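J.: Quick one, what's the 3D model for this:
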Amino acid sequence: MNLPVEKQALHVPELQELAEVLQDGLQSHFETIAVSVVDCPDMTQKPFTLAAPGLCGSPRLVDVGGVPNIHPLPRFEKIYDLEKLAELAELPGAFMIGAGAGPFKHVGVNSELMPNLVAASSTKEQINCTHDMKIDVNDGTPVLEKCSSTECALMVNLLCSEGKPGKVLEVKASKRTSEKDFVAAMREVLKARYGDKPVGLGGSFLIEKGKAWLHIMPDFCKSPITSIKENEAWLKFYDFDAPIICLSVFYSTDPGLDLRIEHTHCFSHHGVGGHYHHDTTPDDVVYRGYFIPAESVYRVDRPEEQWIPTDK
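T.: Residues are numbered from 1 along each chain as shown. Next comes the predicted model:
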């Protein structure tokens, strides 16, 4: 993959400092908050069922492609291999989780991708626990399935690490009291504390109780999508029941790389998944997540032109 790569160091506060910042700031968004530094639980076990036991070991974020590869019309040549992306991020054999567009040539249609993979290397075999969520072209129903391919299309946002056990941030939150979703609330708190110093976090969180508003991309639209209104009419939205496992990457601020500032995709053990927007049950929702601050971000194949919706 002969792709342009831009690397930039991120600001990495101490875990205890981040825990205190989030504990204080998230009280404006949730009735009950508990943020602490803990040993990462074994993420290969239920409910998370990730491909590696931990989030630690040379954590870095990778932002590949972007929305301009989808709108106004899809650029079908933009196909990326996750294992090759690990090499571009200078971490061959990485554990990779995150959110992207599915490999349409493999899946058969456009889809939401939940990368969950330990890339193959000279010292270990591949472990692929990736899912995709698609709309069945025959009856229009949402379908969650395992995805054996290591490819993605158009765009993807990843946390890459060595997948080792270690200290991580545990964030527990319940009864949402603001209009911000779980990820946006954390982003807002970090932005208020660190300003122009970019802090990037990646990890996985569980929606333990309540419902969540998710979208699934249907198959590609044959006419150009030029506005937010057209995009929302094209997407398929669902109100899905917990428990839902979410894979998330987000930044306090964009350091000038045209990053997707937050991206979270979800899967479950009861057949639902998609792109996370927010919960729809603020009085009942319960979140529990584990996150690690990244040391750097790798911006891969940044689109030369941005998609600017006409109604922005």
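
J.: do you know how far Phe95 is from Cys40?
T.: Phe95 sits 12 Å away from Cys40 when distances are taken as C-beta to C-beta, to the nearest Å. All C-beta spots, glycine's among them, are computed from the backbone N, C-alpha and C.

J.: should've said Ile97
T.: Computed with C-beta to C-beta, the distance linking Ile97 and Cys40 is 13 Å.

J.: out of these two, which sits in the busier spot?
T.: Shown here are Ile97 and Cys40; by other C-beta atoms under 10 Å, Ile97 has more neighbours (30 against 21).

J.: List the buried residues for stretch 105-125?
T.: Within stretch 105-125, the residues that qualify as buried are 106-107, 109-120, counting by 16 or more other C-beta atoms under 10 Å.

J.: which stretches of this protein have low pLDDT?
T.: In the predicted model of the chain, residues 1 satisfy pLDDT under 70.

J.: For it, which segments count as helices?
T.: Read by DSSP state H, the chain holds these helices, from start to end of the chain: 15-25, 82-88, 104-107, 182-194, 228-234.

J.: just so I know, which of those lies nearest Asp279?
T.: Closest to Asp279 of the helices of the chain is helix 182-194 (C-beta to C-beta; 7.4 Å).

J.: May I see the buried residues of that closest one?
T.: Along helix 182-194, these residues count as buried under the neighbour rule (16+ other C-beta under 10 Å): Phe182, Val183, Ala184, Ala185, Met186, Arg187, Glu188, Val189, Leu190, Lys191, Arg193, Tyr194.

J.: Likewise for stretch 133-145?
T.: Going by neighbour count (16+ other C-beta under 10 Å), the buried part of stretch 133-145 is Met133, Lys134, Ile135, Pro142, Val143, Leu144, Glu145.

J.: Next: stretch 38-47.
T.: Buried residues in stretch 38-47, counted by 16+ other C-beta under 10 Å: Cys40, Met43.

J.: Can I get it in PDB, CA atoms only?
T.: This file holds the C-alpha atoms of stretch 38-47, laid out as PDB (Å, rounded to 0.1, in the frame of the first residue of the first chain):
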ATOM      1  CA  VAL A  38      -7.600   0.100  36.800                       C
ATOM      2  CA  ASP A  39      -6.000  -3.100  35.400                       C
ATOM      3  CA  CYS A  40      -7.600  -3.700  32.100                       C
ATOM      4  CA  PRO A  41     -10.000  -6.600  32.400                       C
ATOM      5  CA  ASP A  42      -9.500  -9.500  29.900                       C
ATOM      6  CA  MET A  43     -11.200  -8.000  26.900                       C
ATOM      7  CA  THR A  44     -11.300 -11.400  25.100                       C
ATOM      8  CA  GLN A  45     -14.000 -12.500  27.600                       C
ATOM      9  CA  LYS A  46     -17.700 -11.700  27.500                       C
ATOM     10  CA  PRO A  47     -19.200  -9.200  27.200                       C
END
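
J.: which outside residues touch it?
T.: Taking contacts as C-beta atoms under 8 Å, 6 or more residues apart in numbering, the residues outside stretch 38-47 that touch it are 48-56, 165-170, 204, 206, 243, 245, 269, 290.

J.: one step back: looking at the buried residues of stretch 133-145, spot the one nearest Thr310.
T.: Nearest to Thr310 among the buried residues of stretch 133-145: Ile135, at 25.7 Å, using C-beta to C-beta.

J.: so how far is Ala52 from the residue nearest to Pro293 when sequence neighbours are not counted?
T.: The shortest distance from Pro293 to any non-neighbouring residue, by C-beta to C-beta, 6 or more residues apart in numbering, is to Val12 (5.1 Å). Using C-beta to C-beta, one gets 21 Å for the distance from Val12 to Ala52.

J.: and Thr32, what does it touch?
T.: Applying C-beta under 8 Å, 6+ apart, we find Thr32 in contact with Lys172, Ala173, Ser174, Lys175.

J.: And the nearest residue to Gly102 once chain neighbours are set aside, how close does it get to Asp311?
T.: Distances taken as C-beta to C-beta, 6+ apart place Ser111 nearest to Gly102, at 3.3 Å, with adjacent residues excluded. Between Ser111 and Asp311 the computed distance is 26 Å (C-beta to C-beta).

J.: just Thr281 next, same as before
T.: Thr281 sits 30 Å away from Asp311, taking C-beta to C-beta as the criterion.

J.: Show me which of those two is the more surrounded one.
T.: The neighbour comparison of Thr281 against Asp311 (other C-beta under 10 Å) goes to Thr281, with 18 against 9.

J.: for the spatially closest residue to Ile261 that is not a sequence neighbour, which residues make a bridge with it?
T.: Of all residues not flanking Ile261 in the chain, Tyr251 sits nearest, at 5.5 Å (C-beta to C-beta, 6+ apart). In this structure, Tyr251 has beta-bridge partners Gly200, where bridges are defined by DSSP bridges.
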